[in-house]
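[1] Quick one, structure for this:
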Amino acid sequence: MRRSSTDETPYRRSPSLDSKSGSPPLRYSGEYEYHSSPFVFGLRTTPGPKTKANYTSAQGRKYVVFYLDLSFIFLLELRRCRMAEGCLRALRYGMVFFNLLFWLCGCGILGVGVWLSITQGNFATLSSSLPSLSAANLLIAAGTVVMVIGCLGCVGAVKENRPLLLSFFILLLLIFLLEILFIILFFSYQDQIDLYAQNDLKKGLQLFGTEGNIGLTNAWSIVQTDFRCCGVTNHTDWFQVYNTSRVPDSCCLEYSDNCGLENPGTWWTAPCYERVKGWLQENLVALWIFALCTALTQILGLVFSMTIFCHTVKAADTYYA
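    Residues are numbered from 1 along each chain as shown. Prediction:
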């Protein structure tokens, strides 16, 4: 039985003038399919019967694999950038915290040095050739240096300022190199340093009790009382100071006025130089731990400051590129 004209598909069109008889009619497909270019969708017309997207073809699989690889690489790069940003933020915060702590410690050391300088004069001055090498002056110098370095590191890390970070790095590197040089010279010329120190301390004994040298007098009294010693190498070192068989009252086993004029059996006889040196050797482990902690802190400060400095330089180059 033959179908009527009303049963024809709505997609069939009437033949045009240039169409030939017997040519199959052109039909349009409304299905969504992949174009030849990847990741682009659109409505296309295809002659012939309706077809669906072929995801199992070799070309389709190639596009899907490429898309997954690209997405995976993008996620890895994004994760790496986030991790790098988090590490830099942690470095910056850590540097700010430790430099702020160092700055506060420097303020405390400077305050103690100023207080000793005002109230005690040249406290703990034992050397006659270096009268400015007192405990007060050393504390003031150390506190000032720590304050300056801490301020540079803290402000430079907060602002990510390249000149401040570079100044912090250079100053800290110079101090670190000077410390290494001092340690090398000390162990290389230890015998010469011991001989020079003993001779210089003996010269300082001549200033004991004289006017204007209250700092040296108080320092020797404290050392001889605390370490239970007398003189630099022997209690007879004081005989050359007084030109008689006499020692300061701080050398007595039991302190009393003018006890240094009594029987030598009531005096301390141990040399103060050896006592102090022995005390340092007993606490050598603690000194080495303190030195290693200081060196480690300085190395971390150098690494952190240079890392932040390189990051700021790279960011500036990327911005102006």
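[2] Please make it C-alpha for all contacts and neighbour counts, starting now.
    Fine.
[3] Return the list of helices and strands in contact with the helix or strand hosting D226.
    Assigned by DSSP states H and E, D226 falls within helix 214-227. Judged by 3 or more CA pairs under 8 Å, 6 or more residues apart in numbering; DSSP states H and E, helix 214-227 is in contact with helix 272-282.
[4] could you check the angle helix 214-227 makes with the helix it packs on?
    Put simply, helix 272-282 runs at 60 degrees to helix 214-227, going by axes from the mean of the first three to the mean of the last three CA atoms, to 10 degrees.
[5] which parts of the helix or strand just after helix 272-282 are buried?
    The helix or strand immediately downstream of helix 272-282 is helix 284-320, counting by DSSP H and E. For helix 284-320, the neighbour count (16 or more other CA atoms under 10 Å) marks Q298, G301, L302, F304, S305, M306, T307, I308, F309 as buried.
[6] Direction-wise, compare helix 284-320 with helix 272-282 and give the angle.
    With the same axes, to 10 degrees defining the directions, helix 284-320 sits at 60 degrees from helix 272-282.
[7] do you know how far M147 is from N243?
    Relative to N243, M147 is positioned 48 Å away (CA to CA, to the nearest Å).
[8] Tell me the buried residues in stretch 204-224?
    Neighbour count says stretch 204-224 has 204-205, 207-208, 213-221, 223-224 buried, by 16+ other CA under 10 Å.
[9] again with stretch 102-118
    Within stretch 102-118, the residues scored as buried using 16+ other CA under 10 Å are 102-114, 116-117.
[10] okay, and for the stretch 201-321 of the chain, where does confidence drop off?
    Flagging of the stretch 201-321 of the chain using pLDDT under 70 yields the residue ranges 315-321.
[11] just the helices in this protein please.
    For the chain, applying DSSP state H gives helices covering 58-119, 135-159, 162-188, 190-205, 214-227, 239-242, 272-282, 284-320.
[12] Could you dump those into TSV with distance to D249 added?
    Compiled in TSV, the helices of the chain are given as follows (distance: least, CA to CA, whole Å):
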stretch	distance to D249
helix 58-119	24
helix 135-159	23
helix 162-188	34
helix 190-205	14
helix 214-227	8
helix 239-242	13
helix 272-282	15
helix 284-320	31
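[13] now for those helices, which one comes closest to S256?
    S256 lies closest to helix 214-227 among those, at 12.5 Å (CA to CA).
[14] Let me know the angle separating the closest one from helix 190-205.
    For helix 214-227 against helix 190-205, the angle by the same axes, to 10 degrees is 120 degrees.
[15] Next, the angle helix 135-159 makes with helix 214-227.
    On the basis of the same axes, to 10 degrees, helix 214-227 is oriented at 90 degrees to helix 135-159.
[16] And the residue lying closest to V112 once chain neighbours are set aside, how far from M147?
    If the residues on either side of it in the chain are set aside, V112 comes closest to L139, at 7.2 Å by CA to CA, 6 or more residues apart in numbering. Note on L139: its distance to M147, by CA to CA, is 12 Å.
[17] Please identify which of these two sits among more neighbours.
    M147 (24 against 21; other CA atoms under 10 Å).
[18] I figured the more buried one was touching L104, is that so?
    Yes. Assessed by CA atoms under 8 Å, M147 is found in contact with L104 at 7.4 Å.
[19] can you tell me which residues contact the spatially closest residue to F239 that is not a sequence neighbour?
    Setting aside the residues directly before and after it, F239 is nearest to S245 in space (CA to CA, 6+ apart), at 5.3 Å. Going by CA atoms under 8 Å, 6 or more residues apart in numbering, S245 touches T236, W238, F239, L261.
[20] Need phi/psi at S245.
    phi -80, psi 80 (degrees, to the nearest 10).
[21] Kindly report the same for the one 3 residues further on.
    The phi and psi torsions at P248 (degrees, to the nearest 10) take the values phi -60, psi 160.
[22] what sits against it?
    By CA under 8 Å, 6+ apart, the contact list for P248 reads W238, N258, C259, G260.
[23] quick one: buried residues of stretch 248-257?
    Neighbour-count burial for stretch 248-257 [16+ other CA under 10 Å]: P248, D249, S250, C251, C252, L253.
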